[in-house]
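Q: Structural data only, the sequence is not supplied:
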């Protein structure tokens, strides 16, 4: 029974680690507004495409975003938009 609990806690930690970077938090907030291509996110963040792609890969591995290739471009969107609700809780902590 304990190993099931540990697995669940490890999975939660993976999601939280994936979000634990200002650029990745920015990406999540932008994807709340709708899907974006890597090129748009690169321009918005002001980083090179390989850096943004690495951030997106981490978010995808954690199950936060999904992607869809269309021609030469890859578009990302939130897999579970309710992840944004977590930010409201974080803001409450910051108010204390």
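A: Nice, thanks for sending it over. Here the structure is a predicted model, which means the values were calculated and not measured.

Q: Where does the prediction get shaky in the chain?
A: Along the chain, segments meeting pLDDT under 70 span 1-2.

Q: Would you agree residue 73 is in contact with residue 38?
A: Yes - at 7.1 Å, residue 73 and residue 38 qualify as touching, with contact defined as C-beta atoms under 8 Å. (C-beta placed from N, C-alpha, C; glycine too.)

Q: higher neighbour count, these two?
A: Neighbour tally, residue 73 and residue 38, criterion other C-beta atoms under 10 Å: the higher count belongs to residue 38, 16 against 11.

Q: and the closest residue to the more buried one other than its chain neighbours, what does it touch?
A: Excluding its sequence neighbours, the residue lying closest to residue 38 (C-beta to C-beta, 6 or more residues apart in numbering) is residue 74, at 5.3 Å. By C-beta atoms under 8 Å, 6 or more residues apart in numbering, the residues touching residue 74 are 37-38, 67-68.

Q: helix/strand/coil for residue 74?
A: Assigned with DSSP: H, G, I helix; E, B strand; the rest coil, residue 74 falls in the strand class.

Q: repeat for residue 10
A: Quick answer, by three-state DSSP: residue 10 is helix.

Q: That one: neighbour count?
A: Look at residue 10: counted by other C-beta under 10 Å, it has 9 neighbours.

Q: Give me the distance between it and residue 92.
A: Here the criterion is C-beta to C-beta, to the nearest Å. By it, residue 10 lies 26 Å from residue 92.

Q: Spatially central, which residue of the protein would that be?
A: What sits nearest the mean C-alpha location of the chain, by C-alpha atoms, centre = their mean, is residue 59, with 4.2 Å.
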